[in-house]
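# No letters, just coordinates:
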Ligand SMILES: NC(=O)C1=CN([C@@H]2O[C@H](COP(=O)(O)OP(=O)(O)OC[C@H]3O[C@@H](n4cnc5c(N)ncnc54)[C@H](O)[C@@H]3O)[C@@H](O)[C@H]2O)C=CC1
Ligand SMILES: O=C(O)C(=O)COP(=O)(O)O
């Protein structure tokens, strides 16, 4: 009686508060563990059990933690900034880092405006004063935003949203961002300036909206503050570390800066007695504990956004916002996804079929070839990026070798791994008309024969002429697999010298046999006797380009591809090739 095999569900760890709206998507298919308040040591001790980690800004995802994360496939940042994640280390380990690039933009922008108005009208100070029983109207006179200059550093998603709201207040808008889109800037009535110095001197309010990276760390220090108007007010809802907290405190004390609204700090929560703590306590400062993204709406958005991506990644699909992988446009993503599955299966078929098969002379293993040409034909040739397809091929080629040592191959590390293993993949596109075919695109994988002077005639990559194809002869021929997608299912349409369409799925028994009567019956009865049920069958005759060569057996051969319901044992395979007529058998699982 077959024994039911229990496959454990992948585990997802969430060490911070993440909205339940997204987590609901994970329940059922994964084991979801919400464990708040873990120390770095405690986190490191348990991370090895998890396939996915979902964090916000508090968890430090260090190289040391990632080293211990043996099963981890994805770090999902439920927010924008990934400065708390060692992305380079994640890339090295093949761990995908995803974020939610737009889920909390509006929240961060509105919080910036809230701080700007609070600083302008002394809301923090006034609130503390009235709660203390005072009534200080003349001490707490503020300024208006209307007519003032708002200087924006970093005109990305948050910066632009702030600009659009501030435009409604009647503010004059200037920005410094060397990579900004001038059309977007103009449409938000923002004048781009060529340098930081240019906007600092004109600012009545200065607001920061860049990521924390090498070029922005410490970008506002004593020198920069000294060039600003004494009436200027500074806002930071981006990251601590971009403003020198000591220098800002000094400027506020000296009265050379009028006030500040600060949501983020160099160390969070700030250490007691640190400059950040003194800034928070300063009467001219309105401070909040990193609340930029803390709205119900933003938390729902980011949670759903990253949880959907965790589901995709753990299901072997592409994420939409990977930080350490090429960005794919949504429409391209839809086109690519079925081909990612097809190409991975073509690579895996290649490795399994050619690396080990049974023939009349016993089990033989061929040398794994390392030079491949992959050609995308038809509408697939128009894609902007084929990186996910490249990664899928590397994964398909290597996974049959490497699954046991747990190597995690994905679009993040595929290129590095291919290089490390000496695999050379040449990608080509062909826009040739394929209107005569029943599908819009197809893919050809060709493993090049090793070159020696006497074999050069067989190298089809150097000549596409039909006469070159006719010279194909064992043992120096190229190995060819062709495939296409129909109704989202991956099909193989050519395997070596044989053409026939079969679905690349499940366990397949691939038999090369003499193209003569009785072979199907013989194989069927052998499998039946072994209790193996045949679910599908395809007979693939010789490809039309391959000429029947007099005196050679190839001209009289066909492939029989049988989809079977269970793995086929070695004894059954040996029994098949013993009988004259079945020349070679391989078993592959796709
Ligand atoms: N306080 C909070 O809760 C939140 C904070 N944030 C922070 O806001 C930052 C910005 O977010 P988005 O606008 O979504 O990012 P974004 O990537 O859309 O925009 C960042 C902009 O900064 C510009 N930039 C980069 N280096 C620069 C430099 N040296 N000088 C001037 N400009 C530079 C880029 O060209 C880009 O246009 C995030 O990185 C995150 O750290 C985001 C959301 C919530
Ligand atoms: O999205 C961001 O970059 C933020 O700073 C939000 O941080 P949080 O998720 O609230 O810890």
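Now that the structure is in, tell me what you want to look at. Computed from a predicted model, the values in this text were never measured in an experiment. Ligands and ions are numbered 1, 2, ... in the order given.
# which secondary structure elements does the helix or strand where residue 249 lies contact?
Using DSSP states H and E, residue 249 sits within helix 245-254. For helix 245-254, the packing partners by 3 or more Cβ pairs under 8 Å, 6 or more residues apart in numbering; DSSP states H and E come out as helix 222-226, strand 259-262, helix 275-281. The C-beta positions use only the backbone N, C-alpha and C, and glycine is treated the same way.
# Using JSON lines, please lay out those together with mean pLDDT and distance to residue 62.
Formatted as JSON lines, those follow (pLDDT from 0 to 100; distance: least, Cβ to Cβ, whole Å):
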{"stretch": "helix 222-226", "mean pLDDT": "98", "distance to residue 62": "31"}
{"stretch": "strand 259-262", "mean pLDDT": "98", "distance to residue 62": "26"}
{"stretch": "helix 275-281", "mean pLDDT": "96", "distance to residue 62": "22"}
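# Those: which one's closest to ligand 1?
strand 259-262 (10.0 Å; Cβ to the nearest ligand atom).
# counting contacts, what elements does the closest one pack onto?
Looks like strand 259-262 contacts helix 105-120, strand 233-236, helix 245-254, helix 275-281, strand 285-287 (3+ Cβ pairs under 8 Å, 6+ apart).
# Which one of the residues in the stretch 451-590 of the chain is closest to ligand 1?
For the stretch 451-590 of the chain, Cβ to the nearest ligand atom, closest residue to ligand 1: residue 488, 33.5 Å.
# How many neighbouring residues does that residue have?
9 (other Cβ atoms under 10 Å).
# who in the chain is up against ligand 1?
When proximity is defined by Cβ under 6 Å from any ligand atom, the chain lies next to ligand 1 at 80-81, 104-105, 108, 153-159, 176-177, 179-180, 209-212, 215-216, 237-239, 263-264, 290, 292-293.
# contacting residues for residue 236?
207-208, 242-243, 260-264 (Cβ atoms under 8 Å, 6 or more residues apart in numbering).
# Hmm, I typed the wrong one, I wanted residue 496.
Contacts of residue 496 (Cβ under 8 Å, 6+ apart): 477, 479-481, 559.
# Pull the most distant pair out of these.
477 and 559 (15.0 Å; Cβ to Cβ).
# low-confidence ranges in this protein?
Applying pLDDT under 70 to the chain flags residues 1-5, 325-331, 333, 360-367, 401-408, 411, 433-434, 450-476, 545-555, 579-580.
# Neighbours of residue 240, how many?
Using other Cβ under 10 Å, the number of residues around residue 240 comes to 19.
# Can you verify it is assigned to a helix?
No. The assignment for residue 240 (DSSP: H, G, I helix; E, B strand; the rest coil) gives coil, which keeps it out of a helix.
# gap between it and residue 289?
Using Cβ to Cβ, to the nearest Å, residue 240 is found at 12 Å from residue 289.
# Find the residues that touch each one of the two.
With Cβ under 8 Å, 6+ apart as the test, residue 240 and residue 289 both reach residue 268.
# Between the two ends of stretch 88-96, how far is it?
11 Å (Cα to Cα, to the nearest Å).
# Report the buried residues of the helix or strand hosting residue 353.
Taking DSSP H and E as the definition, residue 353 sits inside helix 330-355. Going by neighbour count (16 or more other Cβ atoms under 10 Å), the buried part of helix 330-355 is 332-333, 335-355.
# if we can go back for a sec, would you point out the most distant pair within the contacts of residue 236?
242 and 261 (14.1 Å).
# So if I had to pick from these two, which one is more boxed in?
Legend: neighbour count by other Cβ under 10 Å for residue 242 and residue 261, higher for residue 261 (27 against 23).
# Show me what residue of the chain gets nearest to ligand 2.
For the chain, Cβ to the nearest ligand atom, closest residue to ligand 2: residue 79, 2.6 Å.
# For that residue, pull up the helix or strand it's in.
With DSSP H and E as the test, residue 79 turns up in no helix or strand.
# residues in contact with it?
56-57, 99-100, 103-104, 293, 302.
# Just these: which are in helices?
residue 302 (DSSP state H).
# was I right about residue 240 contacting residue 266?
Yes. Between residue 240 and residue 266 there is a contact at 4.1 Å, judged by Cβ atoms under 8 Å.
# Which neighbours do those two have in common?
Going by Cβ under 8 Å, 6+ apart, residues that sit against residue 240 and also against residue 266 are residue 276.
# and the gap between the nearest residue to residue 426 once chain neighbours are set aside and ligand 1?
When the adjacent residues along the chain are set aside, residue 426 lies closest to residue 373, with 4.8 Å between them (Cβ to Cβ, 6 or more residues apart in numbering). Counting by Cβ to the nearest ligand atom, to the nearest Å, the gap from residue 373 to ligand 1 is 38 Å.
# name the element residue 373 belongs to?
Going by DSSP H and E, residue 373 is in strand 371-378.
# quick one, that strand and helix 330-355 angle?
Using axes from the mean of the first three to the mean of the last three Cα atoms, to 10 degrees, the direction of strand 371-378 lies 140 degrees away from that of helix 330-355.
# List the pairing partners of the helix or strand hosting residue 558 within its sheet, with orientation.
Per DSSP H and E, residue 558 falls inside strand 557-564. For strand 557-564, the paired strands and their directions (DSSP bridges) are strand 507-514 (antiparallel), strand 534-540 (antiparallel).
# Any idea which of the ones you listed gets closest to residue 524?
Nearest of the strands paired with strand 557-564 (Cβ to Cβ): strand 534-540, 6.3 Å.
# mind checking how far the helix holding residue 249 is from the chain centre?
42 Å (Cα atoms, centre = their mean, to the nearest Å).
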